[in-house]
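Participant: Just need the structure, nothing else, for what follows:
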Amino acid sequence: MSTHYILLAVLMLAVTYPARALPLLVPGVERLPEWALTYLRLVGPAVLAALAATGALVVTTPSGPEIEVGVTAASVLVAVAVVARRRNLLLGLVLAVALAALARAIGIG
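Facilitator: Okay, the predicted model is just below:
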């Protein structure tokens, strides 16, 4: 296992934790302007979406990182579409995993 992933996890913690901890640490955060509350509420999902997109689309080759569109990318798109349409994260994740498992079972992925 590469230590680069551990360093990346620590970096992501340092970047995202203050925004996630702010409502717990600062009294009266609910009195912030609506745009600030919306920003704080959406930081977590935005970071997760960026990580999912990078993990699904970027592969490392000897010549460097390349974009690859395959079963994983299709699964992420299905999850995003279902969550956006139905507002149900569990359903989106279950359908994405089912799509990836089915594609790999029949030899596509």
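Participant: Ala96 - how many residues pack around it?
Facilitator: 23 (other CB atoms under 10 Å). Quick note: C-beta positions are derived from backbone N, CA and C, even for glycine.
Participant: Wait, a helix at it?
Facilitator: Yes: checked against DSSP: H, G, I helix; E, B strand; the rest coil, Ala96 lies within a helix.
Participant: need the contact list for it.
Facilitator: Shown in contact with Ala96 (CB atoms under 8 Å, 6 or more residues apart in numbering): Ser75, Val76, Val78, Ala79, Val82.
Participant: Find the nearest non-adjacent residue to the last one, please.
Facilitator: Leaving out its chain neighbours, the residue that sits closest to Val82 by CB to CB, 6 or more residues apart in numbering is Gly92, at 3.8 Å.
Participant: Quick check: that neighbour touching Val76?
Facilitator: No: contact criterion CB atoms under 8 Å: Gly92 and Val76 do not qualify, at 9.7 Å.
Participant: The helix or strand harbouring the residue nearest to Val82: which residues count as buried?
Facilitator: Using DSSP states H and E, Gly92 maps to helix 89-105. The neighbour-count check on helix 89-105 (16 or more other CB atoms under 10 Å) flags Gly92, Leu95, Ala96, Leu99, Ala100, Ala103 as buried.
Participant: so which one among the contacts of Ala96 has the lowest pLDDT?
Facilitator: When these are compared by pLDDT, Val76 scores lowest at 86.
Participant: Val80 - how many residues pack around it?
Facilitator: Per other CB under 10 Å, the neighbour tally for Val80 reads 15.
Participant: let me fix that: Ala36
Facilitator: For Ala36, using other CB under 10 Å, the count is 12.
Participant: Can you pull up the most central residue in this protein?
Facilitator: Ranked by distance to the mean C-alpha position of the chain (CA atoms, centre = their mean), the top residue is Leu48 at 2.4 Å.
Participant: what separates that one from Gly64, distance-wise?
Facilitator: 25 Å (CB to CB, to the nearest Å).
Participant: same thing with Leu95?
Facilitator: In terms of CB to CB, Leu95 sits 33 Å off from Gly64.
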